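J.: Coordinates for the following, if possible.
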Amino acid sequence: MKQTLYIALFVSSALTLQAQDIHFSNTEYAPLILNPALAGANSPIQANMAYRTQWGQLGSSFRTANASFDARITQDNTSKSNFLALGLSFFNDRIGDMGMVTNNVALAIADHIRLNAKSQLSLGINAGYALRSFDNVDGMWASQYDGLVYNPGLASGEDFNNQNFGYFDAGAGILYTYAKKVKAMAKNANKRVNVGVAAYHITRPNNSFVELASEKLPVRYTAFANADISIDGTDGDILPGVYYQRQGSFSQLLLGTYYKYKFNMGSNYTGYERPFAISLGLFTRLKDSYIAKLMIDWDQFSVGYAYDFTVSSLTSNSNRLGASEIFLSFNVGDGGGFRYNKK
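T.: Below you'll find the model as predicted:
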């Protein structure tokens, strides 16, 4: 009963306070909700799918699914100075037993300006439509707890005149990419660095389930830096990352690193040797969770798993268990799954 009431309180707060966007622990594999300028930035074609479930210990879990596809629409050799890319993303987010659901589809376009053979500056915008719905208004609410037990005879105080509504949305971002690829098969000295900032919900759409109420969705700001740096003289890479977002009074900082071991770096000449690597990662979402990660790269495919161990105030309810997350990525680019731009 305590868990059910906790969920009801959480949902009630979500309906009346400033909303928070979805998030992933493998945030780089949901690129278009991180920064629209990532469309086409590191690969000619890529597709990503991610699924996250969390807080099942509190009742029905919170579930989020995301899919995205992006591709360059002008070839590198048609312009020495810049190229364009398009991206399409979709996510579905469902909160607990109460069935508060958000579906969002967005189109991104990015212009990538080559600064030199190894660097580029990318500008991206996205525009989309979100549909929100609320399935179950006859739930258990914290206001129906009389101090001892749940009392369904008490009024909930909740009044939902608008169980389904939609809104248009927009965002923009900027990205700097540095990429160096050594083509000699025996040499392991590749490097890729991305640094970007973005803003979502810049149109401040109304996000309220209550008719005539005005709850402007706060702008979500993101900033991140990640890298894939080969350790010269070894078959290993380090993949550090720092991801920050702020939305209204809510902020989040995710940071950590993978260590990738390349069992086979692949052949750029014959095509018979396929790249294969396994990565282990340890990240933290500050004051919230520790995150263990596993990723496998084979040729143009990557698959990964992350598990969040909660260390926040929810620890007593969740027994330090937090969220499970999986992703699948398909990448068509120079070097298969090792994601580097061509020179």
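J.: Could I get the full set of helices for the protein?
T.: Taking DSSP state H to define them, one finds helices in the chain at 2-16, 315-318.
J.: Would you single out the least confident of those helices?
T.: The weakest mean pLDDT among those belongs to helix 2-16, with a mean of 45.
J.: now the end-to-end length of stretch 230-243.
T.: 21 Å (Cα to Cα, to the nearest Å).
J.: residues in contact with that stretch?
T.: Residues outside stretch 230-243 that contact it (Cβ atoms under 8 Å, 6 or more residues apart in numbering) are 27-28, 34, 188-191, 222-229, 253-263, 265, 277, 279, 281, 283. C-beta coordinates here come from the backbone N, C-alpha and C atoms, glycine included.
J.: Generate a PyMOL selection restricted to the buried subset of the residues you listed.
T.: Buried subset of the contacts of stretch 230-243, written as a PyMOL selection, criterion 16 or more other Cβ atoms under 10 Å:
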select buried, resi 27+28+34+188+190+191+222+223+224+225+226+227+228+229+254+255+256+257+258+260+262+265+277+279+281+283
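J.: For Ala41, which residues are in contact?
T.: Neighbours of Ala41 in contact, by Cβ under 8 Å, 6+ apart: 85, 110, 112, 120, 122, 175, 177, 194.
J.: swap the cut-off to 7 Å and go again
T.: By Cβ atoms under 7 Å, 6 or more residues apart in numbering, the residues touching Ala41 are 110, 112, 122, 175, 177.
J.: Tyr305 too?
T.: With Cβ under 7 Å, 6+ apart, Tyr305 has these contacts: 294, 326.
J.: if I look at it, how far off is Phe327?
T.: For Tyr305, the distance to Phe327 equals 8 Å [Cβ to Cβ, to the nearest Å].
J.: Pass me the low-pLDDT residue ranges in the stretch 1-150 of the chain, would you?
T.: For the stretch 1-150 of the chain, applying pLDDT under 70 flags the ranges 1-19, 55-61, 75-80, 96-98, 135-144, 146.
J.: hang on, the earlier thing: among the contacts of Ala41, which two are most distant?
T.: Pairwise distances across these (Cβ to Cβ) peak at 11.2 Å, for the pair Ala110 and Thr177.
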